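Engineer: this one's sequence-less:
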């Protein structure tokens, strides 16, 4: 089987993930972005909301969520990017946040109108002193929708 | 509420995550480790297998999974670390893999005997040319247990 075909399709919850062609548009031209964001918010643009029976080539709910985030004021230190697939299909809509030198978070069960909550969470993560997103003050959708968190690699591993 | 209490408990699927004290033992003394592993396999040591009704202070199934991984031959370029909580409690047992300059993967629904499959997957990820874990050859438990993947930050973001 051709590898590009094997890995190129939009996955369901049991199939392979697509290839890693995650280069999608963010919120602003590269020249206008903060040169080194503290937190990068990655929104899955291939997610469909549960029960959405639109044809596969229709605009995805995840793409709409990205557009909604980009239409909102992005907090200082935060960059917003689209990614073709986070492979969190069982709990779509989905997004991840990567804190520089801190923790990475994955969220699911998001709604098409979750952009403001995502940006609130990203700002909390960007401003935290320990690289973790505080529980207190975190929007409820980012509590209920917690999927996983991944620690930064420790100094001993990255030396 | 004291923040250390608010965030210090082992979470259930709705509660807060514990603080980020993820410094746990790996498989070997730091001096014996590969100086810069290509892939770091992070095994959640606080996970309990579904249905495990052992007291909270009993040894966790996740800790046993870590010990099992450490008792297996760790492939070249792979480091194994324990982490106090990946907050993927709904799909315990859980592990993550971080590929240097590549993708990060989260897996769930693992079994106490999944160590060999995790190391096989870590070796696949370490050897991949595009920073993604190949679907072909991936152990079934890492197909069924796919939770999410997160891309590396693009060059334009990390400049």
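Structural biologist: Received, thanks. Treat the numbers as computed from the prediction; the structure is a model and nothing was measured.

Engineer: and the closest residue to residue A:26 other than its chain neighbours, what are its bridge partners?
Structural biologist: Spatially, and ignoring its direct neighbours in sequence, residue A:26 is nearest to residue A:81 (4.5 Å; Cβ to Cβ, 6 or more residues apart in numbering or on different chains). Every residue, glycine included, has its C-beta placed from N, CA and C. Going by DSSP bridges, residue A:81 is paired in beta bridges with residue A:26, residue A:42.

Engineer: so what pLDDT did residue A:81 get?
Structural biologist: The score at residue A:81 is 95. That number is its pLDDT.

Engineer: try the one 5 residues further on
Structural biologist: Here the pLDDT value assigned to residue A:86 is 94.

Engineer: In terms of helices and strands, where is it?
Structural biologist: Under DSSP states H and E, no helix or strand contains residue A:86.

Engineer: Find me the pLDDT at the closest residue to it other than its chain neighbours, would you?
Structural biologist: Leaving aside its chain neighbours, residue A:86 sits nearest to residue A:44 (4.2 Å; criterion: Cβ to Cβ, 6+ apart). For residue A:44, the pLDDT comes out at 96.

Engineer: For residue A:44, give me its contacts.
Structural biologist: A:62, A:82-86, A:88, A:92-95 (Cβ atoms under 8 Å, 6 or more residues apart in numbering or on different chains).

Engineer: List the contacts of the longest helix along chain A.
Structural biologist: As assigned by DSSP state H, the longest helix anywhere in chain A is helix A:115-127. Contacts with helix A:115-127, where a contact means Cβ under 8 Å, 6+ apart, come from A:37-39, A:41, A:43, A:65, A:68-69, A:71-78, A:80, A:95, A:97, A:99, A:102-103, A:105, A:107, A:110, A:132-134, A:137-142.

Engineer: got it, and stretch A:95-102?
Structural biologist: A:36-44, A:65, A:83, A:86, A:104-107, A:110, A:114, A:118, A:121-122, A:125-126, A:128, A:130-133, A:152, B:148, B:150, B:153.

Engineer: try 7 Å
Structural biologist: A:38-44, A:86, A:104-107, A:110, A:118, A:121-122, A:125, A:131-132, A:152, B:150, B:153 (Cβ atoms under 7 Å, 6 or more residues apart in numbering or on different chains).
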